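> Got a sequence here, can you build the structure:
(one chain, ligands or ions: 1)
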Amino acid sequence: MEKREMLYEGKAKRVYKTDDEKLFVIEFKDDATAFDGKKKGTIHDKGILNNKISEGLYTMLEAQGIPTHFVKRLSDRDVLVKAVKIMPLEVLVRNIAAGSLTKRLGIPEGKQLPFTILEFCLKDDSLGDPQINEDHIRAMELATDEQVAEIKKYALKINELLSAFFKARGITLVDFKLEFGLYGDQVILADEISPDTCRLWDAATGEKLDKDRFRRDLGNVEEAYQEIFNRLDK
Ligand code: C5P
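Now for the predicted structure:
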């Protein structure tokens, strides 16, 4: 599989065309940003760990019937994926209050939510990825009603599968972000699932094992990502 011209460079990844128009290569970088790009840094070998963590999680999800873009990991930093058209939506899934939910609504960090909360954000850096609702999605024609229904169904199923997977490894899945893409007319899971896109707390100690260590200058950032990777095999 030959990597051709770069199509897109994001904060943490680069996407390349390949010699097959149905396939892209995603390269994971060590760069980390937070607070709409205001905080910048690098996390040593983050790209390698996130590529391998995402591989493990996507392989599990595919085996459980979730359609994803994942084809195979090519190297430490490169993964071969289906060439999807990314939908301009971020889907946030929350089990426990943290992050922007605590800031916006004043719900204390760590409070178990009575049910899983789904939120949508518009993927637009220039607007700071604002939160939107299903009427906005409909009005802006970002997705059809059928696609939104499918995305919600997948997001809740993915939450069940990931929560159980992490629980078995002594990790609490607090919240996470998903992105979906269109492959032909099929909605499939795209992007990555990693400590960059999830809040993961050690179930016994509550220790944060995710990007909040970078966002909040808690130290031992690499070690936290490595710990998540080490526990995947259990
Ligand atoms: O910041 P907030 O609390 O809204 O984030 C919820 C979850 O979504 C967190 O796990 C965070 O890492 C993830 N997220 C993300 N990319 C974004 C926004 C949030 O991965 N642009």
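
> all contacts plus neighbour counts: C-alpha atoms, from now on.
Will do.

> Beta-bridge partners for residue 79, please?
residue 26, residue 73 (DSSP bridges).

> actually residue 68, not the one I typed
Per DSSP bridges, the residues bridged to residue 68 are residue 189.

> isn't it right next to residue 190, touching?
Yes - between residue 68 and residue 190 there is a contact at 6.0 Å, judged by C-alpha atoms under 8 Å.

> mind listing what's buried in stretch 51-67?
51, 52, 53, 54, 55, 56, 57, 58, 59, 61, 66, 67 (16 or more other C-alpha atoms under 10 Å).

> Need the CA coordinates for whichever strand or helix holds the second one. CSV is fine.
It stands for residue 52. For residue 52, the host element (DSSP states H and E) is helix 46-63. Taking Å, rounded to 0.1, in the frame of the first residue of the first chain, the C-alpha atoms of helix 46-63 are listed here in CSV:
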residue,chain,number,x,y,z
LYS,A,46,1.8,9.4,22.1
GLY,A,47,1.2,8.7,18.4
ILE,A,48,2.5,5.2,18.7
LEU,A,49,0.5,4.4,21.8
ASN,A,50,-2.7,6.0,20.5
ASN,A,51,-2.4,4.1,17.2
LYS,A,52,-2.0,0.8,19.0
ILE,A,53,-4.7,1.6,21.6
SER,A,54,-7.1,2.6,18.9
GLU,A,55,-6.3,-0.6,17.0
GLY,A,56,-7.2,-2.7,20.0
LEU,A,57,-10.5,-0.9,20.6
TYR,A,58,-11.6,-0.8,17.0
THR,A,59,-10.8,-4.5,16.6
MET,A,60,-13.0,-5.3,19.6
LEU,A,61,-15.8,-3.0,18.4
GLU,A,62,-15.7,-4.6,14.9
ALA,A,63,-15.9,-8.1,16.4
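
> is the ligand contacted by it?
No - Helix 46-63 stays clear of the ligand (C-alpha under 6 Å from any ligand atom), getting no nearer than 12.3 Å.

> Give me the residues contacting that helix.
12, 27-31, 67-68, 70, 72-73, 76-79, 158, 161-162, 192-196, 222, 225-226, 228-229, 232 (C-alpha atoms under 8 Å, 6 or more residues apart in numbering).

> Run through the neighbouring helices and strands of the top helix by length along the chain.
Identified as the longest helix of the chain according to DSSP state H is helix 145-167. In terms of contacts (3 or more C-alpha pairs under 8 Å, 6 or more residues apart in numbering; DSSP states H and E), helix 145-167 is packed against helix 46-63, strand 89-96, strand 171-183, strand 186-190.

> hmm, 7 Å instead?
Secondary-structure packing of helix 145-167 (3 or more C-alpha pairs under 7 Å, 6 or more residues apart in numbering; DSSP states H and E): strand 171-183.

> what's the angle from the strand it packs on to strand 186-190?
Here strand 171-183 runs at an angle of 140 degrees relative to strand 186-190 (axes from the mean of the first three to the mean of the last three C-alpha atoms, to 10 degrees).
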